[in-house]
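Chemist: What follows is a predicted protein model with its sequence.
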Amino acid sequence: MGGGIVFSLSTLILILTLHFILSEMKRIESILRDTLEKDFSARYTIIGTSEFNKLGKAINDLIEFVGKLSEIRKLREREFSIIFNAIETPIFIIDNDGRLVISNNASKLLMRPISEGIPRFYYEILKNDALISFVKEALTTPQNLNRLINVDEYSFECFSFPFTSRDEQYVIFMLHDVTESEKVKNLEKEFISSVSHELKTPVSVLKGAVEILEEENLIKKNGEKFFKSIKESTSRMETLASKLLILTEINAWTKPLEEEVDVSEVSRRICKRYEEAIEEKGLDLKRNIKDGVFIKGDIFLIEELVANLVDNALRYTDKGFIEVSVFLKEFATLIVYDTGIGIEEKHLSQLFEPFFREENSRDRARGGSGLGLAISKRITTLHKGKICVESRVGSFTKVTVQFPPLLRKINNNLKIP
């Protein structure tokens, strides 16, 4: 009898304890579920002296901490949103699947209306076909890209920067508004083109008249110096008009640079062209031209580049030699070295500016147009190369041009030294 009562009491206590444990677990579960739903106001109510009170207090402390972190995160998100949308440059991020992740207010100019919370693909959102093509290319290219794109009446220089976050691939796009600078550039191109064409006709007339006078011996002996001055000025004007036209053509260049250009062969042809003039001036011409140095580009532009550099070396060298070197190491490299009058160090950074002349009128006195190196720089940049000048007054000038080599030609024809 007594044993039955003890068993019944034990069972009852066990049932009550189990009920209490289940009840507390449900309370904790409910609190945690509210927390997961970002309701950080829920708290575990401490009753009596239960062992669950320790767990409840720890949960309360954790919820309070997470709540504070959530508030800080919201504050940071608001700050980021304010700053991000205040940026006047259109910026947006596309994930590896082509979905728009985020964009600022400035990007709305480029996009169709977007519904909140609905993921959209870039080709559905962006309004401009050229921009869609740029984004498509950027998503499949690991390198940074940049391109000039016209959107309605605006011009944008577009940049793409791929990055990885939490093992996911993304690309951030930034579009810099260059509308005004492009308008200025276009006006400059139009002006240069107009001046060039206007110069060509009177120069041709003058040149023809001078040639007739020269051939018919119509200039008396005491007038020969004036005749020579007219002839030189006419030649200089003709060179200037020609260079201006070339500069205009390069500035407006849109044709793909897809030719396989043999820099070695081009350099040999240019050396041959200037060989007689160099000998007449009493100079030596040294050729250090390796075979089979190829780049991807335009042969007309590369010929113009090499001719400009050799012509400059000839113009400003009175004794010694001119050396033309072409070889391949990491880059396809062209070097034109001369033992001429040299350039002051303070002027080296300005050499590639159109119409730049040294204080001693170096170019004018020797018949230079002031455009040769500016053209050379733009041709080099167009071919994704780099150009630099080293010089010492009264000693030497060395112009080095480096291009990305044509890899297929390297693999097939060359052993890289």
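Modeler: Alright, I've got the coordinates. Residues are numbered from 1 along each chain as shown.
Chemist: Quick one: mean pLDDT for the helix or strand containing Gly208?
Modeler: In this assignment (DSSP states H and E), Gly208 forms part of helix 179-215. Averaged across helix 179-215, pLDDT comes to 68.
Chemist: how close does Ile295 sit to Arg392?
Modeler: Applying C-beta to C-beta, to the nearest Å, the value for Ile295 to Arg392 is 30 Å. C-beta here means a position set from N, CA and C on the backbone, and glycine is covered the same way.
Chemist: hang on, I meant Asp34
Modeler: Distance of Asp34 to Arg392, computed by C-beta to C-beta: 78 Å.
Chemist: Please identify which of those two sits among more neighbours.
Modeler: Asp34 (15 against 12; other C-beta atoms under 10 Å).
Chemist: Within the helices and strands, which one has that one?
Modeler: helix 2-36.
Chemist: next structured bit after that helix?
Modeler: The helix or strand immediately downstream of helix 2-36 is helix 52-86, counting by DSSP H and E.
Chemist: What lies in contact with the helix or strand following that next one?
Modeler: Counting by DSSP H and E, the element after helix 52-86 in chain order, helix or strand, is strand 91-95. Here strand 91-95 makes contact (C-beta atoms under 8 Å, 6 or more residues apart in numbering) with 84, 100-104, 106-107, 111, 122, 135, 139, 168-175.
Chemist: how far away is Trp253 from Lys384?
Modeler: In terms of C-beta to C-beta, Trp253 sits 13 Å off from Lys384.
Chemist: list the helices and strands the longest strand that the chain contains packs on?
Modeler: Ranked by residue count under DSSP state E, the longest strand found in the chain is strand 154-165. Packing contacts for strand 154-165, counted by 3 or more C-beta pairs under 8 Å, 6 or more residues apart in numbering; DSSP states H and E, involve helix 129-139, strand 145-151, strand 168-177, helix 179-215.
Chemist: pLDDT below threshold where in the stretch 101-250 of the chain?
Modeler: 115-119, 184, 187-203, 205-206, 209-210, 212-237, 239-241, 248 (pLDDT under 70).
Chemist: ok, 90 please
Modeler: Low-confidence segments of the stretch 101-250 of the chain, defined by pLDDT under 90: 101-121, 123-125, 127-128, 141-143, 146-155, 164-168, 176-250.
Chemist: if we can go back for a sec, buried ones among the contacts of strand 91-95?
Modeler: 100, 103-104, 106-107, 111, 122, 135, 139, 170-175 (16 or more other C-beta atoms under 10 Å).
Chemist: Quick check: the two most widely separated of these?
Modeler: Farthest apart among the buried ones among the contacts of strand 91-95 by C-beta to C-beta are Ala106 and Leu139. That separation is 21.3 Å.
Chemist: Direction included, what does the host helix or strand of Ile295 pair up with?
Modeler: Here Ile295, judged by DSSP H and E, is contained in strand 294-297. Take DSSP bridges as the rule and strand 294-297 pairs in its sheet with strand 259-262 (antiparallel).
Chemist: CA-only coordinates of the partner strand in CSV, if you can.
Modeler: Extracted in CSV, the C-alpha atoms of strand 259-262 (Å, rounded to 0.1, in the frame of the first residue of the first chain):
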residue,chain,number,x,y,z
GLU,A,259,46.0,44.0,-88.1
GLU,A,260,49.1,41.9,-87.5
VAL,A,261,51.8,44.6,-87.7
ASP,A,262,55.4,43.6,-88.2
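Chemist: Three-state assignment for Gly340, please.
Modeler: Under the three-state scheme (DSSP: H, G, I helix; E, B strand; the rest coil), Gly340 adopts coil.
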